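Peer 1: pasting a predicted model and its sequence here:
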Amino acid sequence: MTGSKPSDADIPIDVVIAWVDGSDPKLAEKRNRYIGRSDLPVSSGAHSTRFASSNEIRYCVLSVLRFAPFVRNIFIVTDGQDPGLHDDVERYFPGRSGSVRIVDHQEIFREYEECLPTFNSITIAHMIWRIKGLADNFVYFNDDTFLVRSITSEEWFTGGRPVLRGRWVPSAGPRALWNRIRTAFNRHIAGRHDFEPRASFHLGQWNAAALLGFRYRYFTNSHTPHPVNRKAVGDFFTKNEPLLRENISYRFRDHRQFTFISLSNHLQLLSGNRNIAPPAVAYLKPENRGPGYIESKIDLCERDPRIIFMCAQSLDRCEEEERKKLFSWLDGILGL
């Protein structure tokens with residue numbers, strides 16, 4: 001009797017979504033106790049827009065159910081909150097509500113409770129691999145990211161390995177050096193003894209790459225869903241537990257942190273994974289844009305079949321009419 005290796009379509013895939021409702025007064029009060037001052041920059045992760053919700057999570061979850069029906073479970077990671085999606089899921093996808101589960105921070109931070117509460121998306125991402133029952137192959141979403149057309153599992157995992165969406169770019173070492181120079185100047189010459197550089201999207205990725213021995217270039221990821229192999233990151237953190245503990249100790253984003261997805265991607269590259277693909281994303285940041293901005297992005301998605309994801313950042317900071325345009329289009333493609 002001979003066996004056959006399971007195809008990519010047979011391998012269980014779960015989705016993990018990080019979500020927070022910043023309008024919750026209990027969460028806001030908890031966050032304000034730890035801020036300590038009100039002039040922190042947006043990049044610190046303390047600004048209210050990083051916690052605001054315009055119900056993007058609804059479209060994120062429903063888009064996965066509509067366009068990626070092969071996904072086994074959807075885990076929504078949050079801090080004592082519930083987005084209240086049960087009725088919508090049952091209405092549009094009868095029988096699937098049982099596959100959507102709320103995961104509290106207490107579950108993934110077990111044995112690391114001293115790091116709670118945390119308001120740091122980088123810190124939270126580092127713990128999602130610890131979700132109970134999570135598949136070895138999972139896809140990490142931010143709640144402002146949606147699918148806009150049907151996909152197959154091979155868009156995320158090919159040959160059982162994650163598909164890495166992004167590109168190679170030169171080392172961010174010079175930027176890191178400049179940060180050190182600015183810090184020294186401000187603390188020792190300008191008298192700003194509490195000066196800290198702003199956390200950076202790219203430096204966080206570079207910190208992960210440099211940690212793993214990359215010197216001259218790194219693989220930068222985009223604002224897309226991120227496929228992850230749970231075993232690879234779990235094995236790394238088991239062997240480097242003090243590194244994990246240090247990196248999750250920051251309650252707000254910090255320039256010294258490395259990002260979870262960059263670590264995962266560079267571990268894959270070191271292991272020989274060459275499943276590299278373009279981002280395939282339409283990126284929206286509609287605050288203070290001119291007329292027609294939302295329509296142009298929608299038109300781009302409709303015209304270009306290569307686009308399978310949309311990321312819409314800071315929708316709370318754009319006009320209500322513009323949000324309605326986007327949500328109306330999403331309602332249409334999702335059949336809501």
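Peer 2: Looks like it came in fine.
Peer 1: would you mind listing where the stretch 1-150 of the chain has pLDDT under the threshold?
Peer 2: 1-7, 36-54 (pLDDT under 70).
Peer 1: what ranges do the helices span in it?
Peer 2: Taking DSSP state H, counting those that start in this stretch as the criterion, the stretch 1-150 of the chain carries its helices at 25-35, 56-67, 86-92, 105-108, 121-125.
Peer 1: what ranges do the strands span in the stretch 201-336 of the chain?
Peer 2: Ranges of strands in the stretch 201-336 of the chain, per DSSP state E, counting those that start in this stretch, are 217-221, 226-229, 276-277, 281-284, 309-312.
Peer 1: dump the fourth one to PDB, restricted to CA.
Peer 2: The C-alpha trace of strand 281-284 is given here as PDB (Å, rounded to 0.1, in the frame of the first residue of the first chain):
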ATOM      1  CA  VAL A 281      -2.500  45.000  -3.100                       C
ATOM      2  CA  ALA A 282      -4.400  48.300  -3.600                       C
ATOM      3  CA  TYR A 283      -3.300  50.600  -0.800                       C
ATOM      4  CA  LEU A 284      -5.600  53.300   0.400                       C
END
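Peer 1: that strand packs against which elements?
Peer 2: helix 293-303, strand 309-312 (3 or more CB pairs under 8 Å, 6 or more residues apart in numbering; DSSP states H and E). Placement of C-beta: from N, CA and C, glycine included.
Peer 1: ok so, going back, can you list the helices of the stretch 1-150 of the chain in CSV and add mean neighbour count and distance to Leu244?
Peer 2: Output for these, formatted as CSV (neighbours: other CB atoms under 10 Å; distance: least, CB to CB, whole Å):
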stretch, mean neighbour count, distance to Leu244
helix 25-35, 13, 21
helix 56-67, 23, 27
helix 86-92, 14, 33
helix 105-108, 16, 12
helix 121-125, 21, 10
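Peer 1: winner for burial among the helices and strands packed on strand 281-284?
Peer 2: Of all these, strand 309-312 has the most neighbours on average by mean count of other CB atoms under 10 Å, namely a mean of 24.
Peer 1: circling back to that earlier point, between the helices of the stretch 1-150 of the chain, which one is nearest to Asp194?
Peer 2: helix 25-35 (13.8 Å; CB to CB).
Peer 1: lovely, talk soon.
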